[in-house]
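*Asks:* Prediction below, plus the sequence it came from.
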Amino acid sequence: MAGKRFIDLSISIEPDLPSDPPIMIPKIDYVDHTQGAEQMKDFFPGVTKEQLPGGLGWALEFLTLTTHSGTHLDAPYHYHPTMDNGKPALTIDEIPLEWCFSDGVLLDRHKKDGERITADDVEKELERIQYELKPLDIVLIQTGADEAWGTQEYLVKGAGMDRESTLYLTEKGIRVVGIDAWSWDRPLPFLAEEFKRTGDPKVIWEAHFAGIEIGYCHMEKMANLSAIGRPHGFTVCCFPTKIKGASAGWVRPVAIVDDKEE
């Protein structure tokens, strides 16, 4: 499409990287073309390797992973069984498709690792970029945490949203958001430290739990947001994999930028 740039905002699903807690690290069993040739003998009795192109068969992979591995879209069901004043929370296969293809807005957080991104921060950034949110805009938060992807430090990189800043967005009709960090909330170790220090349970997963009040979806482990090159005036496409009754689905979000509009 002439004049349009398609920007991949996802990370690859890779095995054995320390950028997830141990129970969530993906495992991939790669079956190469030589192994595939052996498998094909079970499907085509009597065939020999010599009858296959170059003596080779198919390649395929077996994956063991969670629905929250790699870049993914969390459904409201991930946060709680109910949303919107007691209604059943939507699972990933129930998310309206119109939520996942809309105008994008990119906000730069200007905060340090582990700090809260407040509603006031969001409002000031919108004023700076001279943009007024409208329902179903897809709001992306750039923290810079994706630069640490592939390392253990990724788990503690990036600022995070809180309850009030999340509700600031959802009360304006925003239903899909995203962040280039491991979590939409502040990194878990920062939440755990604050809970240990204060004993206040309100700090636990506060931005996620805001979805109990107003159901919304967020993308986590995004990347390459800086390549968009503008705070608005682009489109985001982020349809999740349809998994029956699941709390999340893998997604390959793409920003579509029309350079002719510049």
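*Replies:* On my side now, so go ahead.
*Asks:* need the contact list for residue 49.
*Replies:* 37, 55, 56 (CB atoms under 8 Å, 6 or more residues apart in numbering). Yep, even glycine has a C-beta here, placed from its N, CA and C like the rest.
*Asks:* Let's see that with 6 Å instead.
*Replies:* Applying CB atoms under 6 Å, 6 or more residues apart in numbering to residue 49 gives the contacts 37, 55.
*Asks:* just residue 182 next, same as before
*Replies:* Residue 182 neighbours (CB under 6 Å, 6+ apart): residue 155.
*Asks:* measure it to residue 69 for me?
*Replies:* According to CB to CB, to the nearest Å, residue 182 stands 11 Å off from residue 69.
*Asks:* now swap in residue 198 and tell me
*Replies:* On the measure of CB to CB, residue 198 and residue 69 end up 31 Å apart.
*Asks:* Show me the helices in the protein, by range?
*Replies:* 33-43, 119-129, 163-170, 188-198, 206-209 (DSSP state H).
*Asks:* Show me what counts as buried in the first one.
*Replies:* To tie it back to what came earlier, the one meant is helix 33-43. 37, 40 (16 or more other CB atoms under 10 Å).
*Asks:* gap between residue 200 and residue 96?
*Replies:* To residue 96, residue 200 is 35 Å away according to CB to CB.
*Asks:* Could you do residue 217 as well?
*Replies:* Taking CB to CB, one finds residue 217 at 10 Å from residue 96.
*Asks:* For those two, indicate the residue with more neighbours.
*Replies:* Taking other CB atoms under 10 Å, residue 217 and residue 96 do not tie; residue 217 has more neighbours (29 against 11).
*Asks:* any weak-confidence spans in the stretch 1-150 of the chain?
*Replies:* 1-2, 109 (pLDDT under 70).
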